[in-house]
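Trainee: Return atomic coordinates for the entry below.
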Amino acid sequence: MKTRFLRGFAVGGQTILLVAGLLLLPLFSQSGQASQELLDMQQNHGQWVTSGRDYALTRYSSLDQISTQNAKDLKVAWTFSTGVLRGHEGTPLVIGDTMYIVTPFPNIVYAIDLADPGHAIKWKYAPVQSEDAIPIACCDVVNRGAAYAAGKIFFNQLDAHTVALDAETGKELWKVKQGDIKQGQTITMVPLVVRDKVITGISGGEFGVRGFVTANHVDTGEQVWRAYSTGPDSEVLIGEDFSSPYDSHQGKDLGISTWKGEEWKRGGGTTWGWYSYDPELDLFYYGTGNPGAWNPDQRPGDNKWSMTLFARNPDTGQAKWAYQMTPHDAWDYDGINESVLIDLPANGDGKTQKVLVHFDRNGFAYKVDRTSGKVLAADKFGEVNWAKEINLETGLPVENPDKRTKEGVNTEGICPGAMGTKDQQPVSYSPRTKLFYVPTNHLCMDYEGTKVRYIAGVPYVGAIVKMFPGPGGHRGEFIAWDPVAGEKKWGIKEKWSAWSGALSTGGDVVFYGTMDGWFKAIHASTGEELWKFKAGSGIIGAPMTYLGPDGKQYVAIMSGIGGWSGLVVAADLSTDDPTAALGAVGAFGDLGKDTNKGGMLYVFALE
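Mentor: Okay, here's the model as predicted:
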């Protein structure tokens, strides 16, 4: 039997639900109830109300009209040109009968009427921001999408502003400045809304930016709290409630003492990834990025709290626990990838345990007790030689000393490359198959640290990096991962990095895209390719699915090559120097033979 779903639409900040033409009670018009509103809306799989579909970031929808039997019959239902030709890393939202998308710079927001046969634009918001922000974005001018709550759309501009719009009209309600592009600060991430807080991070780790997370009030934009990634406990918001099971995480003001001198003030740890939230524990989870500079010899010490998973209280910002995955990073293995919240069997006694699963850039898939921060398992999910394993007693990596980078020395053949075994491209988890679907990179690198001097607003990197395909010559693989066994179940090798996000569905169909523009439907259990479509430009966005006003299931994906991996095409880079674009040219210099610039939304359905 096919599942039937509620339809909803927003009126005056309230969500009204329709079932078979019957009007049900309005849901939560008050901004302080935004979490409950979103939790209730997430139960309606006909909508897509957060970037990861739910607070847990599973990117799973129980919609099942599209199945393993009929996926071969998918056709283009409609398309939309964004008018922008840079990297499209975002995910559309569907709230009621309206789809919302955000483009790369200049970050135009479109509201599209799904009830209109021609899918007319309900409204368009085109922010005015300086093009001076473009060269400050280290790895393309992408935007990963919008957030919704309490009748409002929230998104971040590249020039480090957070904006709230009326979801019905597109009217700007407030705009706040989170950072300064003259200091190297930009924003590309999706905000997280919890109750009356809009939570957002900052980019700029390659410019010596000191990372932070900020909470602003949903209704006014007023700053409520800000938590830094480095510095004294009072500014990192580490207090009496903080705990860690690891000796290396004990002590006062580790955000200063684990750095040389005042390097922590330009210490990176930026916060540009995905944020998840557990309403029962009332904690949100995110990771911090690389320490500045990339030359590890300039900053001896563990460099806390870069490369760290944090659990924080959304109302106060206070840290409950933290776990640093890659102390004294020497490879640019940003820890910003998403933490997906699931419950898994515990000790074989029939009980379950609250865990987060995090596929890190450093090549290890971490399974962490999300109540305490204790690592339960850490397994390699790709080609990894910088470390042998993660010691579960200490939480520390057991490094291969031959692969630790140094100033003035070209360390060769390090795996993974700086883009990691997986970068920001988000995974999906299916509760039906109990598998993760993981888009991965298969890259290695040569890396030499160099002396660099800090100047505000100027790149603060200090490394020469050359990346190249890993063993076997392919540059990516889309894999299914068993989080209990800690092993790959199947994989699809790709010529290019699998840089798009993943989507799993109740029809046991998994979707993802490729950098050369193929959008694919895969059998969730076997990895068999069921269908594919060639888009006009490479795909680095994350797919989603929704139930249209006509009751049909649709699948949507944005196409437009770019991001760090696609910068050689998106920014028309010369391919003469393989170390250009922080090593991306070496890995993807020939990408222009397989794809071109674009900016399209594609929507598919069964005939």
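
Trainee: tell me the contacts of Gln553?
Mentor: 63-66, 545-547, 605-606 (CB atoms under 8 Å, 6 or more residues apart in numbering). In short, each C-beta sits where N, CA and C put it, glycine included.

Trainee: Same list, these, but as TSV with pLDDT, neighbour count and secondary structure please.
Mentor: Shown next, in TSV, are the contacts of Gln553 (pLDDT from 0 to 100; neighbours: other CB atoms under 10 Å; DSSP: H, G, I helix; E, B strand; the rest coil):
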residue	pLDDT	neighbour count	secondary structure
Leu63	98	22	coil
Asp64	98	17	coil
Gln65	98	18	coil
Ile66	98	27	coil
Thr545	98	31	strand
Tyr546	98	27	strand
Leu547	98	24	strand
Ala605	98	20	strand
Leu606	98	17	strand
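
Trainee: Same list, these, but as JSON lines with distance to Pro296 please.
Mentor: Shown next, in JSON lines, are those (distance: CB to CB, whole Å):
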{"residue": "Leu63", "distance to Pro296": "47"}
{"residue": "Asp64", "distance to Pro296": "49"}
{"residue": "Gln65", "distance to Pro296": "51"}
{"residue": "Ile66", "distance to Pro296": "48"}
{"residue": "Thr545", "distance to Pro296": "43"}
{"residue": "Tyr546", "distance to Pro296": "45"}
{"residue": "Leu547", "distance to Pro296": "50"}
{"residue": "Ala605", "distance to Pro296": "51"}
{"residue": "Leu606", "distance to Pro296": "53"}
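
Trainee: which phi and psi does Trp272 have?
Mentor: phi -100, psi 10 (degrees, to the nearest 10).

Trainee: excluding its backbone neighbours, what's nearest it?
Mentor: Leaving aside its chain neighbours, Trp272 sits nearest to Ser203 (4.2 Å; criterion: CB to CB, 6 or more residues apart in numbering).

Trainee: again with Phe155
Mentor: Ala146 (4.3 Å).

Trainee: again, but for Met99
Mentor: Ile112 (4.4 Å).

Trainee: From Leu173, how far off is Gly598?
Mentor: Relative to Leu173, Gly598 is positioned 32 Å away (CB to CB, to the nearest Å).

Trainee: Beyond the helix or strand bottoming out on mean pLDDT in the chain, next helix or strand please.
Mentor: Here the helix or strand of the chain ranked lowest by mean pLDDT, DSSP states H and E is strand 22-23, holding a mean of 29. Next along the chain after strand 22-23, taking DSSP states H and E as the criterion, comes helix 34-42.

Trainee: outside of that next one, which residues touch it?
Mentor: Residues contacting helix 34-42 (CB under 8 Å, 6+ apart): 8, 15, 27-28, 47, 49-50, 53-55, 95, 148-150, 193-196, 218, 277, 279.

Trainee: Now the element after it, going C-ward?
Mentor: That would be, after helix 34-42 and using DSSP H and E, strand 60-61.

Trainee: what comes up buried for the helix or strand just after that next one?
Mentor: Sequence order places strand 74-81 as the next helix or strand after strand 60-61, per DSSP H and E. The neighbour-count check on strand 74-81 (16 or more other CB atoms under 10 Å) flags 74, 77-78, 80 as buried.

Trainee: And the strands in the stretch 451-600 of the chain?
Mentor: In the stretch 451-600 of the chain, the strands defined using DSSP state E, counting those that start in this stretch lie at 463-469, 476-482, 487-494, 503-505, 509-513, 518-523, 529-534, 544-547, 553-559, 600-606.
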